[in-house]
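> Build the 3D model from these lines:
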Amino acid sequence: MEKIRSIIVTGATAGIGLAVAREFLERGHNVFICGRQPERLDAALKELSVEFDKDKIAGSVCDVRSLIEVEEMVAKANARFGQIDTLINNAGIAFITAFEDITSTQWQGIIDTNLTGVFNCCKAVLPWFKKLKTSDIVNLGSRSGRYAFSGGTGYNTTKFGLQGFTEALFLDLHKYGIRVSLVAPGTVATGLGGAKSEDWHLSPKDVAKVVGDVITSNTRATVNWVEIRPTRPQ
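Predicted coordinates for the structure are as follows:
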């Protein structure tokens, strides 16, 4: 039987984040979700509350680009469930644009969300996690963090950076019993970045199951990095 955890999932109003929240609720954990848009957050909370025990679900509006908002969100999550012990950094954006067409606003936006947002969330949970014997941070990366693609200058940069961030963060934090992992899926049928979904794409549920499995590994073992590749039809 899994230890009951209290988990923050960022960017959890749709796609992989919502699937991860659902996966953890199915396993009996407490889940606190966040997102930038109030209406989407309310819809996600309502959807989950129909399926699961309302006492195990909570959430708040939060823009991960703001450390102040993230710190407030983490405080709310800890107050709601007593002690948060797991952080799933899922919030992210994407665009596929040739380098010469990328604007400075686009560039700053993707850096602020995909990299600074993760930094902010890890910073905010650290004081809480250091009090525990064991805790987990799982960052949602991408195979695009190892393999570049045309039009991916912005997205590739953030996902390559996130892989390095995750590996270095583990080395800094494992002395506190904090495990840090990266889950790097291939193409997922979420429409992120305007990509058209196809039958052979991974589903958000596929990714969510792996995220759930990562935190159930024995506490003496850290799954630092796992790649998920779609199986193309023959």
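> now the strands for the protein?
Taking DSSP state E, the strands of the chain run over residues 6-9, 30-35, 57-61, 86-89, 135-140, 178-185, 225-228.
> Select from the ones you listed the stretch with the lowest mean pLDDT.
Here the lowest mean pLDDT among the strands of the chain goes to strand 225-228, at a mean of 93.
> Each with direction, which strands does that strand pair with?
Strand 225-228 has the following strand partners under DSSP bridges: strand 178-185 (parallel).
> And the residue nearest the centre of the chain, its phi and psi?
The chain has residue 90 as the residue nearest its centroid, 2.0 Å off, counting by C-alpha atoms, centre = their mean. The phi and psi values for residue 90, taken as degrees, to the nearest 10, are phi -110, psi -20.
> ditto for the one 4 residues further on
Taking degrees, to the nearest 10, you get phi -150, psi 150 for the backbone angles of residue 94.
> how close does it sit to residue 202?
From residue 94 across to residue 202, the span is 15 Å (C-beta to C-beta, to the nearest Å). Backbone N, C-alpha and C define where each C-beta goes, glycine included.
> got it, and residue 147?
Here the criterion is C-beta to C-beta. By it, residue 147 lies 15 Å from residue 202.
> Residue 90 now?
14 Å.
> same deal with residue 163?
For residue 163 relative to residue 202 (C-beta to C-beta), the value is 18 Å.
> One more: residue 145?
15 Å.
> Next, the contact list for residue 105, please.
By C-beta atoms under 8 Å, 6 or more residues apart in numbering, the contact set of residue 105 is empty.
> Just the pLDDT for the residue nearest to residue 16 when sequence neighbours are not counted.
Sequence neighbours aside, residue 204 is the residue nearest to residue 16 in space, at 4.6 Å (criterion: C-beta to C-beta, 6 or more residues apart in numbering). On the pLDDT scale, residue 204 is placed at 91.
> Check the one 4 residues further on too.
According to the model's per-residue confidence, residue 208 sits at a pLDDT of 96.
> tally of neighbours for it?
Residues lying near residue 208 (other C-beta atoms under 10 Å) number 24.
> Helices along this protein, start to end?
15-26, 38-51, 67-81, 104-111, 117-129, 153-173, 204-214 (DSSP state H).
> now those as TSV including distance to residue 185?
Below are these laid out as TSV (distance: least, C-beta to C-beta, whole Å):
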stretch	distance to residue 185
helix 15-26	8
helix 38-51	20
helix 67-81	24
helix 104-111	18
helix 117-129	16
helix 153-173	11
helix 204-214	5
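> Residue 58: which of these is closest?
For the helices of the chain, proximity to residue 58 was assessed by C-beta to C-beta; helix 67-81 is nearest, at 4.6 Å.
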